[in-house]
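**Student:** One predicted model, sequence on top.
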Amino acid sequence: MDSQLSLAEHYDTFIAAYKDDDPRAVAAQADISSRPHPAHSGKPNRLYASDVGLCPRRAMLRLLRAKDKPLSRGDRLMFHLADRMEQDLAAMFLWRESLVEYQFEVNINDRDNWGARGDVIGDYGVVTAVEFKSLRPNNFPAWKSGESEAEHEVRVEKKIKKEHHLHQGRIYRQYRNLPTRLCIADRGGSNGMRDYAVEGDFATTALIMDELEACRRVLPTLPPVLDKVLGVYDYGKTIKLQQNWECGYCKYAGVSCTPLSGSETWARRDGKYEPWRPTGKADETKLDDFLQKISEGVP
Ligand code: SF4
């Protein structure tokens, strides 16, 4: 497989071939989509690589089999589309005759009762583990006036690199001993696929795994509700401290967990390129830290 092209570019060439009715591309997609989803281990109290870096209380509620909200029609559609894009990624490797494993197991053999299953292992010049993720469109920043393409790409990459995805990728890299990449799709369809290498030290990931194990040991006592976080709202004119974004997408919110509510405005400005004016409620140190992060393109 031509390693001069990025994985994302290979993905593009595959979907173009599929749309053009390339018989091998169509057959590869049919082959992958006919494969059944592997069964879950069903082992009680099992933690997963995908729990690492997200709300520990949510992971513990899952272990306790707490009541949750049913999926909405929109959620179901979103998961279905993500599933289809993940299949296309595997089909791309099959089409290129370089698929090594689809839905690969990760044996976390030095810890008790952990599980992980990644999406694809393919030969991409070097055999590589690949995890597919889709993100909401607001994770892909718009062009700033005067910005070069390279500068824009740096901002996009910072924004789409999610720490919890990196933890998951580091677990694959550590236990399968393979270079690992993440393929990121914009669910809104305004951006092409992007991919990046999983970097960073496994030690930080291991510490979070330790913390989750510590939470599991004291169940049914739950870890605390997530703190509120700062975010930019009102088309870039207000910074507010409000509910953690995770709570907004959590299936236990309002059913088995009551997230922190209420909103405090910490800064305002008149236009997108005007300076911020802190309000009396702002913790200026935390606000400065947040402003530094957004100037670097994160969060
Ligand atoms: S509602 Fe928020 S704090 Fe509660 S479990 Fe969900 S993500 Fe965690």
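**Tutor:** Ah, there it is. The model shown is predicted, which means the values in this text are computed figures rather than measured ones.
**Student:** Could you list the contact residues of the stretch 101-250 of the chain toward the ligand?
**Tutor:** Residues of the stretch 101-250 of the chain lying close to the ligand (Cβ under 6 Å from any ligand atom) are 225-226, 244, 246-247, 250. C-beta here means a position set from N, CA and C on the backbone, and glycine is covered the same way.
**Student:** Next up, identify which helix or strand Phe14 is on.
**Tutor:** Per DSSP states H and E, Phe14 falls inside helix 7-19.
**Student:** From the contact counts, what lies against that helix?
**Tutor:** Counting contacts by 3 or more Cβ pairs under 8 Å, 6 or more residues apart in numbering; DSSP states H and E, helix 7-19 packs against helix 23-33, helix 73-95, strand 180-186, strand 194-197.
**Student:** which residues touch the helix or strand that the longest one is followed by?
**Tutor:** Pointing back at helix 73-95 there. Reading on from helix 73-95 to the C-terminus, the next helix or strand found by DSSP H and E is strand 99-102. Residues from elsewhere that reach strand 99-102 (Cβ atoms under 8 Å, 6 or more residues apart in numbering): 32, 35, 90, 93, 119-123, 127.
**Student:** next one: stretch 274-290
**Tutor:** So stretch 274-290 is in contact with 230, 239, 241, 264-269, 291, going by Cβ under 8 Å, 6+ apart.
**Student:** What's the mean pLDDT across the helix holding Phe14?
**Tutor:** Mean per-residue pLDDT for helix 7-19: 96.
**Student:** now do stretch 108-127
**Tutor:** On average, the pLDDT along stretch 108-127 is 95.
**Student:** List the buried residues of stretch 34-54.
**Tutor:** Neighbour-count burial for stretch 34-54 flags 46-54 (criterion: 16 or more other Cβ atoms under 10 Å).
**Student:** Which of those residues sits closest to the ligand?
**Tutor:** Closest approach to the ligand among the buried residues of stretch 34-54 (Cβ to the nearest ligand atom): Leu54, at 7.6 Å.
**Student:** Mind telling me what element that closest one is part of?
**Tutor:** Per DSSP H and E: nothing holds Leu54, as it lies in no helix or strand.
**Student:** which phi and psi does it have?
**Tutor:** phi -110, psi -180 (degrees, to the nearest 10).
**Student:** Write a ChimeraX command that selects only the buried members of the contacts of stretch 274-290.
**Tutor:** A single ChimeraX command selects the buried members of these (16+ other Cβ under 10 Å):
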select :230,239,241,265,266,267,291
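**Student:** Which of the contacts of stretch 274-290 fall within helices?
**Tutor:** Leu291 (DSSP state H).
**Student:** Dump the contacts of stretch 274-290 to a markdown table, plus pLDDT.
**Tutor:** Below are those laid out as a markdown table (pLDDT from 0 to 100):
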| residue | pLDDT |
| --- | --- |
| Leu230 | 95 |
| Ile239 | 95 |
| Leu241 | 96 |
| Glu264 | 94 |
| Thr265 | 96 |
| Trp266 | 96 |
| Ala267 | 95 |
| Arg268 | 95 |
| Arg269 | 95 |
| Leu291 | 93 |
